[in-house]
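Colleague: Give me a model of this one.
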Amino acid sequence: MDRNLSASAVSEQLGAFAAALRWEDVPREVRSRARHLILDAVGCALAARRFAFSTTALRGIEELAGAGDSVVIGQKLRLPLRDAVLANGILAHGLDYDDTHSEGIVHLTVSTFPTALAVSAHEDLQIRDLLVAYIVGVEAGARLGAVAKGAFHQVGFHPTGVIGAFACALAAGKLYGLDAAQLAQAQGVALSVASGSLEFLEDGAWTKRLHPGWAGVGGIVAAALARRAFKAPRAAYEGRFGLYASYLGPRAAECDLSRATAKLGEVWETMNVALKPFPACHFAHAFADAAIGLHNKIDLQQIDRVTALVPEEIIKTVCEPAAAKRRPVSDYDAKFSLPYIIAASLIRGHFTLVELEETALKDEQILSLAAKVDYAIDPNSTFPRHYGGEVVVRTRDGRELRHREAVNRGSADRPLSNADIVDKFVSNAAYGASPQEALQVRKAILSMDESAPARALADVLGER
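Modeller: As a prediction, this is how the structure comes out:
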């Protein structure tokens, strides 16, 4: 990165955008999509109530934090502000069923929404303030992720935790009423709290679930300090030890820093956020759909080998180490196992939360087929614009069957509709909420007047 900064550093440009954005500046379709993205994340959080990680995480946080007045989604529990953000981030992201900005390769709603929810309610602001702050975080975070061109994953960092801290600093700062200069300072503080390791991939650990909520905590701290004139580096992104140089090393030379501020307020990246039709790593979705497409065309007993044609950039995440990926040891391990996801989808003709339950993980039919799944680099990949891929099945009698999904379902170029998102929410909410509770939550998120108190929305999201 060039140490000779332009007249306006990236943090200053993003700060100016965030400070100036008003509700009236946001197009109606962006406001509507924002509400639906939030609904999707809340549905994931409600479904998480059925899974052990949520109980374990909430118990640990509550023991440390003590009582507070900030809402935890789907829970009677109330926590101090930052602890509620941490808890809600874990719940919303824990199933890995939440949205992803494809180009940035970053989950943004699960950090920026918990942040905006807690801070707006605490500050007695309106729902419109919550939504504007959320959109600020998504617009900035998507661009900051896109700068790296997928390099964070290649060096072992999870951009949701890293980029999320900056996005949440802007979202929280917007709600605290920071001016452009203070918002720039908040990003400088965020540089010292951004984190998120991909080491969980090695053994199916739960730590990735922590990343978005921790990004929210860091972002709130950064904004609070900036509000009190805490001095921070100006060159948070482009500096000699800025974000990209420090986290990416030599790969920083490949970054396109202009992407960080490209067409702010003109092109709305909120509309380009991809939603997940499957509860697994987004990199694997095209392969699940491809395998489902082959389900009724193949005699499973005749399968000799299966080859997945994959973008080179996803190998470290869902293909390696190969032996471990073929026998995942936990539901979270399975979410990042391309062999398991392909095998389960070929056999069952679907991939749902049921395929992540213990009985499925121990299904020898699935595991035997997963052992036959290899990968090769896809020469026609358009990653990261699309998380596409192809499944090739070779049978014992020499036949070859193929199914390609060049554009992953749910992406900006093949989006799920708002109606699809509602259907997904209903399905997810059924895991952890009564039909009446789910209907109240849906109405509140999609229909509550923007001038209503953010606290009113928060109260609906918590179990009473």
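Colleague: Now Ala167: closest residue in space, sequence neighbours ignored.
Modeller: In space, and not counting its chain neighbours, Ala167 is closest to Gly141: 3.2 Å by C-beta to C-beta, 6 or more residues apart in numbering. Heads up, the C-betas are built off the backbone N, CA and C, glycines and all.
Colleague: Val106 and Gly161 touch, don't they?
Modeller: No - counting by C-beta atoms under 8 Å, Val106 does not reach Gly161; the two are 9.3 Å apart.
Colleague: quick one: low-confidence parts of this protein?
Modeller: Low-confidence segments of the chain (pLDDT under 70): 1-7, 464.
Colleague: can you map out the strands along the stretch 251-400 of the chain?
Modeller: 273-274, 303-310, 373-377, 389-395, 400-405 (DSSP state E, counting those that start in this stretch).
Colleague: so what's the most centrally placed residue in the chain up against?
Modeller: Ranked by distance to the mean C-alpha position of the chain (C-alpha atoms, centre = their mean), the top residue is His107 at 1.9 Å. Contact partners of His107, counting by C-beta atoms under 8 Å, 6 or more residues apart in numbering, are 93, 98-100, 160, 164, 212.
Colleague: circling back to that earlier point, ok, and which of the strands of the stretch 251-400 of the chain has the densest surroundings?
Modeller: Ranked by mean neighbour count under mean count of other C-beta atoms under 10 Å, those are led by strand 273-274, which reaches a mean of 26.
Colleague: Now Asp459: which helix or strand?
Modeller: Asp459 is part of helix 454-461, with elements assigned from DSSP states H and E.
Colleague: likewise Arg59?
Modeller: Secondary structure from DSSP H and E places Arg59 in helix 52-65.
Colleague: swap in Gly161?
Modeller: helix 159-175.
Colleague: how far does whichever helix or strand comes after that helix sit from the chain's center?
Modeller: Downstream of helix 159-175, the first helix or strand assigned by DSSP H and E is helix 180-190. Centre-to-centre, helix 180-190 and its host chain are 23 Å apart (C-alpha atoms, centre = their mean, to the nearest Å).
Colleague: angle of the helix or strand following helix 180-190 against helix 52-65?
Modeller: Once the chain leaves helix 180-190, the next helix or strand it forms, by DSSP H and E, is helix 211-227. For helix 211-227 against helix 52-65, the angle by axes from the mean of the first three to the mean of the last three C-alpha atoms, to 10 degrees is 30 degrees.
Colleague: Output the contacting helices and strands for helix 211-227.
Modeller: Judged by 3 or more C-beta pairs under 8 Å, 6 or more residues apart in numbering; DSSP states H and E, the packing partners of helix 211-227 are helix 81-93, helix 109-122, helix 159-175, helix 180-190.
Colleague: How about the contacts made by the closest residue to the residue nearest to the centre of the chain other than its chain neighbours?
Modeller: Once flanking residues are discounted, His107 sits nearest to Thr160: 4.4 Å by C-beta to C-beta, 6+ apart. By C-beta under 8 Å, 6+ apart, the contact set of Thr160 is 93, 106-108, 110-111, 196, 208, 211-212, 215.
Colleague: Of these, just say which sits nearest to Ala322.
Modeller: Among these, Lys208 lies closest to Ala322 (C-beta to C-beta), at 20.4 Å.
Colleague: got the contact list for that closest one?
Modeller: Neighbouring residues of Lys208 by C-beta under 8 Å, 6+ apart: 93, 96, 158, 160, 196, 198, 200, 332.
Colleague: Buried residues of stretch 403-415, list them for me.
Modeller: 403-405, 407-412, 415 (16 or more other C-beta atoms under 10 Å).
Colleague: typo on my end, stretch 167-181
Modeller: 167-176, 178-180.
Colleague: go on, stretch 69-78?
Modeller: The neighbour-count check on stretch 69-78 (16+ other C-beta under 10 Å) flags 70-75, 77 as buried.
Colleague: need the contact list for the nearest residue to Pro311 once chain neighbours are set aside.
Modeller: With C-beta to C-beta, 6+ apart as the criterion, Pro311 has its nearest non-adjacent residue at 3.6 Å, and that residue is Phe383. Phe383 is in contact with 150, 311-314, counting by C-beta under 8 Å, 6+ apart.
Colleague: Show me the two of the buried residues of stretch 403-415 that sit farthest apart.
Modeller: His403 and Ala412 (22.1 Å).
Colleague: May I have stretch 177-195 exported as PDB, CA atoms only?
Modeller: Extracted C-alpha coordinates of stretch 177-195, given in PDB (Å, rounded to 0.1, in the frame of the first residue of the first chain):
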ATOM      1  CA  GLY A 177     -24.500  10.900  16.200                       C
ATOM      2  CA  LEU A 178     -20.800  11.100  15.400                       C
ATOM      3  CA  ASP A 179     -19.700  13.600  12.700                       C
ATOM      4  CA  ALA A 180     -17.600  12.600   9.700                       C
ATOM      5  CA  ALA A 181     -14.300  13.200  11.400                       C
ATOM      6  CA  GLN A 182     -15.300  11.200  14.500                       C
ATOM      7  CA  LEU A 183     -16.500   8.300  12.200                       C
ATOM      8  CA  ALA A 184     -13.100   8.300  10.500                       C
ATOM      9  CA  GLN A 185     -11.500   8.100  14.000                       C
ATOM     10  CA  ALA A 186     -13.800   5.200  14.900                       C
ATOM     11  CA  GLN A 187     -12.500   3.200  12.000                       C
ATOM     12  CA  GLY A 188      -8.900   3.900  13.100                       C
ATOM     13  CA  VAL A 189      -9.800   2.400  16.500                       C
ATOM     14  CA  ALA A 190     -11.400  -0.600  14.900                       C
ATOM     15  CA  LEU A 191      -8.100  -1.400  13.200                       C
ATOM     16  CA  SER A 192      -6.900  -2.500  16.700                       C
ATOM     17  CA  VAL A 193      -9.800  -4.700  17.500                       C
ATOM     18  CA  ALA A 194     -10.600  -6.400  14.200                       C
ATOM     19  CA  SER A 195     -10.100 -10.200  14.400                       C
END
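Colleague: Perfect, I'm done here.
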